[in-house]
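> can you look at this prediction? I've put the sequence above it.
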Amino acid sequence: MHWFGVLLSAAPLWLSVSGADGAVNVSDSMGEFVYRRDYRGPAVIKQAGGFRPQGSDWELDEEAFSIDHHYRAGPHGCELDDAGDAPSSFRTAYVSASRKLATGAGHGGWVYEIRATPNILDDRWQESYPDGKVFALGGIHWHQVKRYARRKAAEPVDEVVWMRNPDYRQWLYERPDYAATYRVSTEFPRALSLGEVGDEQDGLMQRPLFLTAQRYVADEAADLVGDFPFSYEEKQMPGPYPPDMSKKQFVEDQVRYELQQFIDMTDEQLKDFFVDGREMLRGLLPDGKMDQGGCAALLRPRGTDEKPAQEQPGSNSCCKLVASLREKSRRDKQSKRTLGLSFDELQRLMTGRFENLNCVLLVARMKRRADGDYTDGDDGGVYIVDEDINRRDCERLRQTISPQPTRAIFHADHLWPKEAEKQGGFIPPGTNPAFAAYHTFGAAARRAGAFPAKGSQGLAGVVYLVRATPNMLVVKQTVPLVVGGIRWKQVIGWVYIPRNYRAPKDVSTQGVKARERFEGLFKELSKPKTTLFEPNPDYDHSLNNSTAYGEYVKLDGMLLDDVKAFMKANGKAVGWSGDFPLLRPLQPDRAGQGAPPQHDEGMLWRMGSFLFGTFGTLLAMMTGTIALMMVPGAVAGELLGLEPALAAAMHEGRIGLIQLLRTAMGAVAMG
């Protein structure tokens with residue numbers, strides 16, 4: 001199989017892509033509006049100052065900043081809460097809304113029309129959320145509400161009577177010079193999508209997601225909504241406006257609606273994430289009433305009669321089922337878009353359940369998807385399955401989609417290669433036992449470009465491609481942490497970076513165009529005498545099988561003796577001798593001696609053509625494992641063979657697929 005094509009087809013999973021395609025629905029000439037349905041009337045919303053994120057101290061909970069977490073928790077976070085009108089334990093940084101008025105006003109209660117601002121996010125990785133759902137980071141101010149309407153359950157949307165909000169800040173939200181900012185944002189830090197931090201959170205070791213959200217609002221939305229987290233103006237409003245229903249009734253209404261949506265799916269649509277299909281779901285709404293016991297039964301693990309406490313029939317069992325179906329259906333769409341596999345197929349491959357799984361067909365489907373010759377539901381014919389060949393392909397696919405250990409990282413430094421060679425490598429500054437490195441070339445290049453310029457050619461720091469060793473921590477870390485240091489023999493190659501370098505911004509890094517351009521990059525780098533990284537002749541090939549440490553270690557706050565114990569167990573590859581520093585620092589009078597006054601012009605031209613040319617955006621997104629294949633000598637190919645190397649490159653440490661796989665492994669097998 002052409003596994004390079006598989007890599008390209010899944011590129012958006014491991015690339016830190018920001019941006020989206022497609023047009024938005026403009027509500028009027030002055031920008032966009034969104035809509036929110038709520039059981040609370042205007043007096044209550046006004047008194048609270050607006051629609052606030054759910055849960056006390058949500059800003060202290062890093063998981064609260066994940067849109068995926070917000071959606072998977074189900075209506076009003078019922079997946080994590082008990083039933084009824086009791087105070088919620090669910091915490092989120094978002095308030096749900098919708099681009100569609102029909103969705104927002106689909107049931108009884110109140111519907112609010114709200115001025116769109118850039119803190120309202122439309123997450124389109126890999127596909128937009130259903131019903132036009134969008135997510136307001138930090139919430140929605142009362143003075144953003146332009147109008148509201150009270151609607152009876154059966155009342156057509158176009159018959160509701162809208163009432164103007166006298167507190168709507170027309171002077172702020174109807175200004176022609178601000179029209180371009182009255183929008184829902186599709187470009188925002190990817191960490192907020194799935195709650196997985198990455199290189200874009202460089203330096204944010206404490207509360208990285210909160211600080212990412214705070215930076216984003218400050219840069220994009222503060223003029224319209226204020227500083228993050230928002231200050232809400234609590235006011236009194238004449239009333240009364242008695243609620244049409246309780247919170248419990250409101251949630252049940254939404255759960256019933258979403259269950260019906262799943263029931264209305266075809267068996268073909270359901271089978272890939274809910275194997276027992278529509279008939280099992282149809283029985284959950286007899287005469288329009290929810291069967292909580294039936295919902296609880298479908299939440300139990302398949303093939304067991306055990307009833308854990310959270311799966312006992314309760315008044316919110318159907319809400320929990322909806323939360324589970326939300327997750328599975330979304331994972332199914334993501335898996336199909338990126339790998340050409342259904343969610344059920346992905347789960348079975350990862351858990352080694354190959355019975356009745358036609359992996360010959362799956363291999364052919366993935367290849368056709370990679371080659372751009374596949375549409376959903378078209379498997380291109382009948383595939384005759386030989387049992388031995390099928391098992392071989394199943395094992396091959398399992399290896400391809402499984403997370404791989406980190407084999408290489410990037411390090412940015414002000415020391416040039418000759419200086420680093422004299423020092424013997426790199427060590428933490430001062431008395432620190434560790435320093436941060438990078439998963440992606442772009443993040444490392446930004447840091448290297450921030451160092452003071454050296455010489456007369458505008459170059460600053462250097463990005464080093466480094467073989468990972470067990471003294472490097474990558475699991476659940478914001479960025480890779482190097483404990484002790486890096487030996488010069490670990491350096492595979494390097495690139496000189498111009499002062500203040502930033503990768504070219506190009507939104508055409510998704511879909512077919514991304515695959516075509518990435519294939520073009522590899523073809524370009526495969527040409528004779530065409531390299532990006534200068535190879536290190538002193539690289540130690542005995543390290544080719546080395547990888548980063550594979551478990552989580554909480555380094556922050558660790559006692560020095562415990563750090564030394566960690567190094568004693570994991571520092572052999574870097575020559576740990578029992579104490580810090582790992583290397584003797586380069587003497588100040590020798591610093592700078594390794595920096596040549598002039599670099600070869602041919603080298604500079606080649607470097608610039610990659611960094612600033614058409615491939616600059618793609619290079620910024622590549623992981624260390626991808627970079628291994630760009631160094632003369634084919635380090636990764638010698639070590640892994642091309643197919644496993646590409647599989648490793650596809651999945652190493654990137655946020656999207658890792659979250660997808662974690663969910664697939666941990667999901668309850670319903671039905």
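Everything's here; your move.
> report how many residues lie close to residue 431.
By other Cβ atoms under 10 Å, the residues close to residue 431 number 8. All C-beta spots, glycine's among them, are computed from the backbone N, C-alpha and C.
> again, but for the one 10 residues further on
Neighbour count of residue 441, defined by other Cβ under 10 Å: 30.
> how near is it to residue 158?
Between residue 441 and residue 158 the computed distance is 53 Å (Cβ to Cβ, to the nearest Å).
> then residue 480?
Distance from residue 480 to residue 158, by Cβ to Cβ: 56 Å.
> higher neighbour count, the two?
residue 480 (26 against 8).
> and that one, what pLDDT?
Note for residue 480: predicted pLDDT of 89.
> what do you get for residue 508?
pLDDT, read off for residue 508, is 45.
> cool, and the one 5 residues further on?
At residue 513, the predicted lDDT confidence score is 53.
> likewise residue 196?
For residue 196, the model assigns a pLDDT of 67.
> how about residue 494?
Looking at residue 494, the pLDDT reads 93.
> surely residue 433 is in contact with residue 562?
No - with contacts counted by Cβ atoms under 8 Å, residue 433 stays clear of residue 562, the gap being 10.1 Å.
> who has more neighbours out of these two?
residue 433 (21 against 12).
> excluding chain neighbours, what is closest to that one?
Nearest residue to residue 433, sequence neighbours excluded (Cβ to Cβ, 6 or more residues apart in numbering): residue 563, at 4.9 Å.
> which residues touch the one you found?
433, 434, 483, 555 (Cβ atoms under 8 Å, 6 or more residues apart in numbering).
> write a PyMOL command that selects only the buried members of those.
In PyMOL, a selection of the buried entries from these looks like this (16 or more other Cβ atoms under 10 Å):
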select buried, resi 433+434+483
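> just checking, what's the longest helix in this structure?
Criterion DSSP state H: the longest helix present in the chain is helix 317-339.
> remind me what that one packs against, helices and strands.
helix 3-9, helix 67-72, helix 247-263, helix 292-299, helix 343-350, helix 655-666 (3 or more Cβ pairs under 8 Å, 6 or more residues apart in numbering; DSSP states H and E).
> rank those by pLDDT, which is bottom?
Among the helices and strands packed on helix 317-339, helix 3-9 has the lowest mean pLDDT, at a mean of 34.
> any idea how far residue 325 is from residue 362?
24 Å.
> can you name the residues in contact with the helix or strand harbouring residue 446?
When secondary structure is defined by DSSP states H and E, residue 446 falls within helix 441-449. Here helix 441-449 makes contact (Cβ under 8 Å, 6+ apart) with 16, 199-200, 202, 410-413, 437-438, 460-463, 479, 495, 497-503, 611, 619-622, 627.
> so which of the residues you listed are in strands?
410, 411, 412, 413, 460, 461, 462, 463, 495, 497, 498 (DSSP state E).
> residue 272 contacts residue 343, doesn't it?
Yes - applying Cβ under 8 Å, one finds residue 272 in contact with residue 343, separated by 6.0 Å.
> pLDDT wise, what is the closest residue to residue 470 other than its chain neighbours at?
Leaving out its chain neighbours, the residue that sits closest to residue 470 by Cβ to Cβ, 6+ apart is residue 570, at 4.0 Å. On the pLDDT scale, residue 570 is placed at 97.
> list the contacts of residue 570.
Here residue 570 is in contact with 470, 471, 483, 549 (criterion: Cβ under 8 Å, 6+ apart).
> work out the gap between stretch 37-50 and the centre of the chain.
Averaged C-alpha coordinates place stretch 37-50 at 32 Å from its chain's average position (Cα atoms, centre = their mean, to the nearest Å).
> ok, and for it, which residues are buried?
Using 16+ other Cβ under 10 Å as the burial criterion, the residues of stretch 37-50 that qualify are 37-46, 48-50.
> let me know the closest of these to residue 353.
residue 37 (40.9 Å; Cβ to Cβ).
> redo the ones in strands among the contacts of helix 441-449 as a markdown table? Include neighbour count.
Output for the ones in strands among the contacts of helix 441-449, formatted as a markdown table (neighbours: other Cβ atoms under 10 Å):
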| residue | neighbour count |
| --- | --- |
| 410 | 28 |
| 411 | 26 |
| 412 | 24 |
| 413 | 21 |
| 460 | 22 |
| 461 | 25 |
| 462 | 26 |
| 463 | 27 |
| 495 | 24 |
| 497 | 24 |
| 498 | 20 |
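> widest-spaced pair of these?
Farthest apart among those by Cβ to Cβ are 411 and 498. That separation is 17.9 Å.
> before we move on, back to that, any residues in contact with both of residue 272 and residue 343?
Overlap of the contact sets of residue 272 and residue 343 (by Cβ under 8 Å, 6+ apart) consists of residue 332.
> who has more neighbours, these two?
Counted by other Cβ under 10 Å, residue 272 and residue 343 do not tie: residue 343 has more neighbours, with 24 against 19.
> could you check how far that one is from residue 233?
For residue 343, the distance to residue 233 - Cβ to Cβ - is 44 Å.
> surely residue 466 meets residue 488?
No - if you go by Cβ under 8 Å, residue 466 and residue 488 don't touch, sitting 10.0 Å apart.
> neighbour-wise, which of those two wins?
residue 466 (29 against 19).
> roughly how far out does the one helix or strand that one maps to sit from the chain middle?
Per DSSP H and E, residue 466 falls inside strand 459-467. What separates the centre of strand 459-467 from the centre of its chain is 26 Å, taken as Cα atoms, centre = their mean.
> now it: mean pLDDT?
Rounded mean pLDDT across strand 459-467 is 94.
> what is that strand packed up against?
On a contact count with 3+ Cβ pairs under 8 Å, 6+ apart, strand 459-467 meets strand 408-413, helix 441-449, strand 491-498, helix 624-628.
> would you mind writing the CA trace of it as CSV?
The C-alpha coordinates for strand 459-467 follow below in CSV (Å, rounded to 0.1, in the frame of the first residue of the first chain):
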residue,chain,number,x,y,z
LEU,A,459,20.5,35.4,11.1
ALA,A,460,19.6,34.9,14.7
GLY,A,461,19.3,31.5,16.4
VAL,A,462,19.3,27.9,15.2
VAL,A,463,16.7,25.1,15.2
TYR,A,464,18.2,21.8,16.0
LEU,A,465,16.6,18.5,15.1
VAL,A,466,17.4,16.2,18.1
ARG,A,467,17.0,12.5,18.7
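> got the angle between that strand and strand 491-498?
Between strand 459-467 and strand 491-498, the angle comes out at 160 degrees (axes from the mean of the first three to the mean of the last three Cα atoms, to 10 degrees).
> after strand 459-467, which helix or strand is next?
strand 472-473.
> now the helix or strand harbouring residue 192 - C-alpha only, CSV.
Counting by DSSP H and E, the element that carries residue 192 is helix 191-194. Provided in CSV are the C-alpha atoms of helix 191-194 (Å, rounded to 0.1, in the frame of the first residue of the first chain):
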residue,chain,number,x,y,z
ALA,A,191,-5.9,24.1,21.8
LEU,A,192,-9.4,25.4,22.6
SER,A,193,-11.0,22.9,20.3
LEU,A,194,-9.9,19.6,22.0
